[in-house]
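> pasted the sequence and its predicted model underneath.
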Amino acid sequence: MSGEEEENAAELKIGDEFLKAKCLMNCEVSLILEHKFEQLQQMSDDPRNQVSQVFEKSLQYVKRFSRYKNADAVKQVREYPFSDLNVVQELNLNLSSTFRILSRYQLTEFELCVLGNLCPETVEEAIAMVPSIKAKGRVHDDEVIDKMLNDIAMIKKFD
């Protein structure tokens, strides 16, 4: 971003670095940290020396605020941005056969993660949380946004 332009998440003015970055939802971070936690437990003889307090608190946080509790629901929310990493293979995530909900709406990583983390229930809530989904020039009208929210709610219902 130029030095004169002010950052504004509502307008997706969040900086080039962030726009290009892969964002993870809390549920995705939870899967990764749980997998790492299991690896650390297997490697350590002394259970008290397995993980740091920061690691434990981070894991507790993402578990608490994750909207999706099982791996299948997480996979359905969107395509993994880290599909080339070993984590996907180690967790046995079958990405090719999974129906991805949010990825088909052509959202930016930022928009996808905000909606996936917060799970708004109404179109008005979604637009208030992520105003850029209704921005001028975008194809997301209220009907499309409502369909997207219904898709998200359906996954949460069966999670």
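Happy to help now that I have it.

> quick one: low-confidence residue ranges for this structure.
Under the criterion pLDDT under 70, the flagged ranges of the chain are 1-5, 46-50, 78-101, 136-137, 139, 157-159.

> that one: helices as residue ranges?
16-20, 26-43, 53-65, 71-77, 86-90, 109-118, 123-129, 142-158 (DSSP state H).

> to L102, which of the ones you listed lies closest?
For L102, the closest of the helices of the chain is helix 109-118, at 5.0 Å, according to C-beta to C-beta. For the C-beta atoms, the positions are set from N, CA and C on the backbone; glycine is no exception.

> show me what contacts the residue nearest the centre of the chain?
Centroid check for the chain by C-alpha atoms, centre = their mean gives M25 as the closest residue, at 2.2 Å. Contacts were defined as C-beta atoms under 8 Å, 6 or more residues apart in numbering; by that measure M25 touches 66-67, 74, 77-78, 112-113, 116-117.

> for it, which non-adjacent residue is closest in space?
Leaving aside its chain neighbours, M25 sits nearest to G116 (4.2 Å; criterion: C-beta to C-beta, 6 or more residues apart in numbering).

> separation between the one you found and D16?
As defined by C-beta to C-beta, to the nearest Å, G116 lies at a distance of 23 Å from D16.

> which one of these two has more residues nearby?
Each of G116 and D16 has its neighbours counted (other C-beta atoms under 10 Å); G116 has more, 25 against 8.

> and R138, how many neighbours?
By other C-beta under 10 Å, the residues close to R138 number 14.

> can you name the residues that contact the nearest residue to it once chain neighbours are set aside?
Using C-beta to C-beta, 6+ apart and skipping residues adjacent in sequence, the residue nearest R138 is S132, 7.4 Å away. Applying C-beta under 8 Å, 6+ apart, one finds that S132 lies in contact with 9-12, 108, 111, 138.
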